[in-house]
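Peer 1: how would this look folded up:
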Amino acid sequence: MTIRERIEDVGDLPPALAAVLAIVVIALLAGVVWGLLRLPDHTGLRSPEARERARRREESRKRQRELRRRREALQRKKGRG
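Peer 2: Residues are numbered from 1 along each chain as shown. This is a model prediction of the structure:
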């Protein structure tokens, strides 16, 4: 039995039964979407130590960017002089 035949079989159902089937399918889809949306966020940092490490890492990156910016500015200034 192909998918086309199954769809035709559903089309042959009485309207009340087809409506119930449609509601069940919609409820199933809504349940799957709701379940996926309710999954826990695994990207968050769980422990305070991990949050602290992330904060220090970000501060270090900012310092390194600033140092790089200053070094490049000095190089440009030295190149012009």
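
Peer 1: any low-confidence regions in this structure?
Peer 2: Within the chain, the ranges that satisfy pLDDT under 70 run 45, 81.

Peer 1: how about the helices in it?
Peer 2: 3-11, 15-37, 48-80 (DSSP state H).

Peer 1: what about the longest one, distance to the chain center?
Peer 2: On the basis of Cα atoms, centre = their mean, to the nearest Å, helix 48-80 sits 29 Å off its chain's mean C-alpha point.

Peer 1: okay if I get the helices of the chain as CSV plus mean neighbour count?
Peer 2: Any C-beta I mention is one placed from the backbone N, CA and C, and that applies to glycine too. As requested, the helices of the chain are exported to CSV (neighbours: other Cβ atoms under 10 Å):
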stretch, mean neighbour count
helix 3-11, 9
helix 15-37, 10
helix 48-80, 10
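
Peer 1: How much space separates residue 49 from residue 55?
Peer 2: For residue 49, the distance to residue 55 equals 11 Å [Cβ to Cβ, to the nearest Å].

Peer 1: what do you get for residue 1?
Peer 2: Taking Cβ to Cβ as the measure, residue 1 falls 60 Å from residue 55.

Peer 1: Please apply the same query to residue 46.
Peer 2: In terms of Cβ to Cβ, residue 46 sits 15 Å off from residue 55.

Peer 1: again with residue 74
Peer 2: Taken as Cβ to Cβ, the span from residue 74 to residue 55 is 29 Å.

Peer 1: now swap in residue 67 and tell me
Peer 2: Residue 67 is 19 Å from residue 55, by Cβ to Cβ.

Peer 1: What of residue 73?
Peer 2: Relative to residue 55, residue 73 is positioned 27 Å away (Cβ to Cβ).

Peer 1: likewise residue 31?
Peer 2: For residue 31 relative to residue 55 (Cβ to Cβ), the value is 39 Å.
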